[in-house]
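Trainee: I'll drop the sequence and a predicted model, then ask my questions.
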Amino acid sequence: MKVIGIVGMPASGKGEVSRIARDLGIPVVVMGDAIRERVRKAGLPATDANLGAMSGKLRSDLGMDAIARITIPAIEAETAPVVLVDGIRGDYEVATFKEHFPNFILIGIVSSFETRYRRLADRGRSDDSLTAGELRARDERELGWGLGRALAQADCRIANEGTLEEFAAEVRALLCRPGEIP
């Protein structure tokens, strides 16, 4: 099985990559779903603060690769030849996936702060930050988990600054030839 990981800052386009992968018949495992499930079981609303606190607690209690290790069984449960993992947040997670899945490939999605901030209002998720300060705080939290170091390890990068159609075309082209991804 080939596992393709997606890494990028909040609102960079990771979810759009997942949507395109699903449209192409590629199963998607979203790392954030493991966090959302734990927040739900704790009886808390799925706000950015609660999701961030739960992520931090799991990493503190179980190690910086905790979310990757929690997600591995869901990836292994898939029977498709290619599985996409959405939401890598740190270099420890990348190391765990590379160790566990020899054919692991990491795709980085890159968007400017301004572009990401504009997109948040349109996305409408319960954990979306609505102010520039809140997005900066979220960025800092995730960079503290090693997101920048993970992004630096990407086997290839896709810039997401143009139209949705341009981005989708580039993602489709890449996902339709997973054997050729560097």
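Mentor: Received it, and whenever you're ready, just let me know what you need.
Trainee: quote the end-to-end distance of stretch 142-160.
Mentor: Using CA to CA, to the nearest Å, one end of stretch 142-160 lies 19 Å from the other.
Trainee: buried residues, that stretch. List them.
Mentor: 142-143, 145-147, 150-151, 153-154, 158-160 (16 or more other CB atoms under 10 Å). For the C-beta atoms, the positions are set from N, CA and C on the backbone; glycine is no exception.
Trainee: tell me what the lowest-mean-pLDDT helix or strand in the chain is packed against?
Mentor: For the chain, the helix or strand with the lowest mean confidence is helix 113-123, at a mean of 85 (criterion: mean pLDDT, DSSP states H and E). Helices and strands touching helix 113-123, as assessed by 3 or more CB pairs under 8 Å, 6 or more residues apart in numbering; DSSP states H and E, comprise helix 132-144.
Trainee: follow-up on the earlier one: just the buried residues of stretch 142-160 now: which is nearest A66?
Mentor: For those, the minimum distance to A66 (CB to CB) is 10.3 Å, reached by W145.
Trainee: can you pull the phi/psi pair for the closest one?
Mentor: Here is the backbone geometry of W145 (degrees, to the nearest 10): phi -90, psi 0.
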